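A.B. asks: task: produce atomic coordinates for the following.
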Amino acid sequence: MIPVKKEDLRKLVSQTTIETYEELTPQLIQLIEQTRHDDTLTEAQKQDELSLHMLGYVKSCTNEIIIEVLAEILGLED
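C.D. replies: A predicted model of the protein is given here:
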C-alpha cells in the first residue's frame, strides 16, 4: 500500500508499530528474566542492565518500523 494521504501514512505507521512491538516483545521479556535471575549482579547493576535492554528494545523497534514502512512504500522485497 502506497499512502496518498497523511492519514493513510499514519495508519500504516501505527499498524507497523503495533506489529513490530508485538514481534520483538518476547525477546525483551527473555532478556529481562535473564537479568532478574542473574545472581552475579547487584540490584543496581540489574537496574542498569534493564534500562539498557529497554533502550535497545525501543531502538530496535524504531529501526524496524522505519525499514518496514519505507519498504512498503517503495515496494521493496525481503
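
A.B. asks: quick one, helices of the chain?
C.D. replies: When assigned using DSSP state H, the helices of the chain occupy the ranges 6-36, 43-74.

A.B. asks: can I get the ones you listed in JSON lines with mean pLDDT and mean neighbour count?
C.D. replies: For every residue, glycine as well, the C-beta is placed using N, CA and C. Supplementary listing: the helices of the chain in JSON lines, determined by pLDDT from 0 to 100; neighbours: other C-beta atoms under 10 Å:
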{"stretch": "helix 6-36", "mean pLDDT": "97", "mean neighbour count": "13"}
{"stretch": "helix 43-74", "mean pLDDT": "97", "mean neighbour count": "13"}
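
A.B. asks: check contacts around the residue nearest the centre of the chain.
C.D. replies: What sits nearest the mean C-alpha location of the chain, by C-alpha atoms, centre = their mean, is residue 61, with 2.2 Å. Applying C-beta atoms under 8 Å, 6 or more residues apart in numbering to residue 61 gives the contacts 17, 20-21, 24.

A.B. asks: cool, and residue 38?
C.D. replies: Residue 38 sits next to 46, 49 when contact means C-beta under 8 Å, 6+ apart.
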